[in-house]
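Student: following is a predicted model, sequence given first.
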Amino acid sequence: MGIFRNLKKTVKNSLDSESGTYKVISGTYRYLSSKKYQLLVEKRNPFVNKEKKQVKKAVKVIKELKKQGKDYIVLYNPEWLGVANSTKGLFESNVPLEETKRQSSRNKIVRAIIDSKIKQVVFSQIVDRMDRTYKRLT
């Protein structure tokens, strides 16, 4: 990553900070730096990757259920075996979703539900953080 630092110093010294070229290069550098940081954080924290995959899968299931014309969805935790089996037996429109610790993950779920215009959401289990986030659906 030393190449990027050297490039940054060279650009900073050779261009006027008010020029359009400098602003474009500076913005690109900031964007790439933030992406590099995100990749490193996710690599170190496997739970973030697991949660992101799970949320992406849940959003996909919500969209598929809406395409099928379902008016409701049921969110349940697949790790809670008793609750999961009962939910699968009682409802058809099931969305498996483990506990989401990150606010951004919960926001993606809420946004997917709102965008799909599903009329009713049933929670087959409630985790502490979920109730506050999902109140926005009402």
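Tutor: Great, that's in hand. Residues are numbered from 1 along each chain as shown.
Student: by mean pLDDT, flag the weakest helix or strand of this protein.
Tutor: helix 128-134 (a mean of 65; mean pLDDT, DSSP states H and E).
Student: give me the number of residues near Asn77?
Tutor: Asn77: 19 surrounding residues under other CB atoms under 10 Å. (Glycine included, C-beta is placed from N, CA and C.)
Student: make that Asn6, sorry
Tutor: Neighbourhood size, Asn6 [other CB under 10 Å]: 10.
Student: okay, domains of the chain per the record?
Tutor: 2-44, 46-137 (automatic domain parsing).
Student: and among these, the most buried is which?
Tutor: Mean neighbours per residue, mean count of other CB atoms under 10 Å, is largest over the domains of the chain for domain 46-137, with a mean of 15.
Student: which of the domains of the chain has the lowest mean pLDDT?
Tutor: Ranked by mean pLDDT, those bottom out at domain 2-44, with a mean of 76.
Student: just how off-centre is that one within its chain?
Tutor: How far domain 2-44 lies from its chain's middle: 26 Å, per CA atoms, centre = their mean, to the nearest Å.
Student: got it, and stretch 65-77?
Tutor: Distance of stretch 65-77 from the chain centroid (CA atoms, centre = their mean) equals 19 Å.
Student: for Ser26, see how far away Gly20 is.
Tutor: As judged by CB to CB, to the nearest Å, Gly20 and Ser26 stand 11 Å apart.
Student: middle-most residue in this protein, spatially?
Tutor: Geometric centre of the chain, nearest residue: Ser105, 3.7 Å, by CA atoms, centre = their mean.
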